[in-house]
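*Asks:* predicted model, plus sequence, below.
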Amino acid sequence: KDEEEEEEEGDMELAWNLMENARLCYEEDGNYPIELANVYETLGDFNSEHANFDAALDDLAKCLAILEAELEADDRRLAGVLCSMSVAYQFTDQPEKALEGCTRAIAICTARVARLKTSDAAAIAAMAAAGAGAETDPALLLAAAKAELEQIGA
């Protein structure tokens with residue numbers, strides 16, 4: 001091994017140890033479920049990266065269980081974890097479970113899009129009902145508000 005590979009392995013080991021310490025702290029405290037889910041997801045990614053797919057599936061399943069309890073049913077993070085699990089299932093020769101995860105992820109994304117479209121329509125109707133002004137198009141106001149939120153988020 002050359003020095004660069006050893007340094008990379010050292011960095012990965014350090015990162016792994018930090019994530020394990022974070023997991024222990026969050027599990028002991030019990031007041032930060034989303035952060036604990038983030039740790040499990042990262043550990044699952046580490047395990048997948050090192051071809052330890054059974055451990056990855058275990059960590060990702062724990063992450064998914066927490067997220068399902070804490071987030072809305074159409075949250076995109078659920079879909080992301082399901083996709084990660086599907087990849088691990090493929091590498092463990094479980095194509096049925098991989099397909100099931102992908103199908104469920106697609107359903108979550110579809111539900112989210114439908115909800116967002118409904119929310120947009122409801123927001124436009126509420127703005128119109130509130131008298132946003134005859135000269136102001138509610139759809140344009142909504143688009144401007146979205147653009148502003150995207151700038152804040154970036």
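*Replies:* Sure, I can see it.

*Asks:* please list all residues in contact with the residue positioned nearest the centre of the chain.
*Replies:* Nearest to the mean C-alpha position of the chain, by C-alpha atoms, centre = their mean, lies residue 77 at 2.2 Å. The contact partners of residue 77, by C-beta atoms under 8 Å, 6 or more residues apart in numbering, come to 67, 71. In short, each C-beta sits where N, CA and C put it, glycine included.

*Asks:* which parts of the chain are helices?
*Replies:* 3-29, 33-49, 53-70, 76-91, 95-129, 138-153 (DSSP state H).

*Asks:* okay if I get those as a markdown table plus mean pLDDT?
*Replies:* Formatted as a markdown table, those follow (pLDDT from 0 to 100):
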| stretch | mean pLDDT |
| --- | --- |
| helix 3-29 | 85 |
| helix 33-49 | 95 |
| helix 53-70 | 97 |
| helix 76-91 | 96 |
| helix 95-129 | 83 |
| helix 138-153 | 67 |
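
*Asks:* roughly how far apart are the residue nearest to residue 40 when sequence neighbours are not counted and residue 23?
*Replies:* Nearest-residue entry for residue 40: residue 63, 3.8 Å, with adjacent residues in sequence omitted and distances by C-beta to C-beta, 6 or more residues apart in numbering. The gap separating residue 63 from residue 23 is 11 Å, by C-beta to C-beta, to the nearest Å.

*Asks:* joint contacts of the two?
*Replies:* Common neighbours of residue 63 and residue 23 (C-beta under 8 Å, 6+ apart) are residue 40.

*Asks:* these two: which is more packed in?
*Replies:* residue 63 (26 against 19; other C-beta atoms under 10 Å).

*Asks:* the more buried one: what's it in contact with?
*Replies:* Neighbours of residue 63 in contact, by C-beta under 8 Å, 6+ apart: 37, 38, 40, 41, 44, 81.

*Asks:* closest one of these to residue 98?
*Replies:* Nearest to residue 98, judged by C-beta to C-beta, of the contacts of residue 63 is residue 81 at 13.5 Å.

*Asks:* now for residue 88, how many residues are close by?
*Replies:* 26.

*Asks:* do I have it right that it meets residue 52?
*Replies:* No - using C-beta atoms under 8 Å as the test, residue 88 is too far from residue 52 to be in contact (9.4 Å).
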